[in-house]
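Student: can't give you the sequence, but here's the structure:
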């Protein structure tokens, strides 16, 4: 363990160096220039600092103050050696952060005992810090494993829905990545962007509860069939709600609200404007654009220019204008996503 000795008297430094060497598993690093010693202690991480009180600037008090003010030096043991018997000096040094005192002339047995105790304390501090770091790493691993399992659940449920849904897996990837672009341009945090990317594929999970003759109908749905189709938003919410998982919580909100419209004419709850959660407003833009530009059994894909016109024309009615602006802000990136995930 590293013991730094700072004393402007070379004889004192030599004596203290020999006393430190007598302690098992220690290395003495010595300075007769207190400024150089302080600089070393700030740039390195000593296990024990032994300093003299009376030194040219910085003296022992100034040394302690600067040392303790440095990040990561709050708990490093610091032993002050002084010939001053004044209680006020000791009180001030303790207030500034000295761990213990020795009075000159230094008794070698007392020094060895005090230094050894401080080094044992330092060793325990390091072991505790290492244990804390290990625990933090293990918690991070466990948390990541949970997130991986959650993402796998999302993917598998989304795939299950695909078997009954004319939409493709590429649609899910495109609309999820479109959603992430919008979220980023809206200034959402990276964590929220990632959560949205992972949750968006679940937006139509409720279609597992839609009868095949409606879900797979090649023509336009009649009013009664449309009412049944629209139930998929509530069904999806019922499937996903109540989970302690932030991912599934967000997926539930998206499933319920991605068919709401900015003017209040959407479903299932006729929410309007800011009453629609931001994730629902984002996914509404991403989902409709990709649906328009993708081929389905019941329709041909729209030309991109026609879809762009539709999105702009419905800004403020179907779509949140802010989300529309965020969607088109990085148009090259949107087109790159479209071309990357092909049906």
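Tutor: Thanks, I have it. Not measured: the values here are computed from a predicted model.

Student: Tell me which residue of this structure is furthest from the middle?
Tutor: residue 105 (54.0 Å; Cα atoms, centre = their mean).

Student: Against residue 111, how distant is it?
Tutor: Separation of residue 105 from residue 111 (Cβ to Cβ, to the nearest Å) stands at 11 Å. (Glycine included, C-beta is placed from N, CA and C.)

Student: any chance you could map the helices in the stretch 201-343 of the chain?
Tutor: Taking DSSP state H, counting those that start in this stretch to define them, one finds helices in the stretch 201-343 of the chain at 212-215, 223-229, 232-240, 246-257, 278-292, 304-313, 321-329, 331-340.

Student: can you list the domain ranges for this structure.
Tutor: Split into domains by automatic domain parsing, the chain comes to 2-133, 164-340.

Student: Go through the ones you listed and pick out the most buried.
Tutor: Most buried of those, by mean neighbour count (mean count of other Cβ atoms under 10 Å): domain 164-340, with a mean of 18.

Student: and it, average pLDDT?
Tutor: Average pLDDT, domain 164-340: 92.

Student: what is residue 30 paired to in the beta sheet?
Tutor: residue 5 (DSSP bridges).

Student: That one and residue 10, how far apart?
Tutor: Distance, residue 30 to residue 10, using Cβ to Cβ: 9 Å.

Student: Please tell me how far residue 176 sits from residue 220.
Tutor: Using Cβ to Cβ, one gets 28 Å for the distance from residue 176 to residue 220.

Student: And stretch 6-25, how far out from the chain middle?
Tutor: 46 Å (Cα atoms, centre = their mean, to the nearest Å).

Student: element containing the residue most central in space within the chain, please.
Tutor: Residue closest to the mean C-alpha point of the chain, counted by Cα atoms, centre = their mean, is residue 191 at 6.5 Å. Residue 191 belongs to helix 190-199 when assigned by DSSP states H and E.

Student: which residues touch residue 225?
Tutor: When contacts are counted by Cβ atoms under 8 Å, 6 or more residues apart in numbering, residue 225 is found next to 214, 217.

Student: one more time with 10 Å
Tutor: 210, 211, 213, 214, 215, 217 (Cβ atoms under 10 Å, 6 or more residues apart in numbering).

Student: roughly how far apart are residue 68 and residue 61?
Tutor: 11 Å.

Student: okay, and the common contacts of the two?
Tutor: 96, 98.

Student: Hmm, the residue farthest from the centre of the chain is touching residue 15, no?
Tutor: Yes - contact criterion Cβ atoms under 10 Å: residue 105 and residue 15 qualify, at 9.2 Å.

Student: Next up, the contacts around residue 33.
Tutor: Residue 33 neighbours (Cβ under 10 Å, 6+ apart): 6, 8, 39, 40, 55, 56.

Student: sec struct for residue 73, please.
Tutor: coil (DSSP: H, G, I helix; E, B strand; the rest coil).

Student: Could you report the distance from the closest residue to it other than its chain neighbours to residue 34?
Tutor: Leaving aside its chain neighbours, residue 73 sits nearest to residue 67 (5.4 Å; criterion: Cβ to Cβ, 6 or more residues apart in numbering). For residue 67, the distance to residue 34 equals 11 Å [Cβ to Cβ].

Student: Kindly provide the distance from residue 327 to residue 92.
Tutor: 64 Å.

Student: Let me see the contact set for residue 228.
Tutor: 209, 210, 211, 213, 214, 215, 221.

Student: just residue 125 next, same as before
Tutor: By Cβ under 10 Å, 6+ apart, residue 125 lies in contact with 47, 75, 76, 77.

Student: Checking my notes, the third one in a helix, right?
Tutor: No - if the criterion is three-state DSSP, then residue 76 is coil and not within a helix.

Student: show me what contacts it?
Tutor: Counted by Cβ under 10 Å, 6+ apart, residue 76 has contacts 4, 41, 45-49, 67-68, 70, 97, 99, 118, 122, 125.
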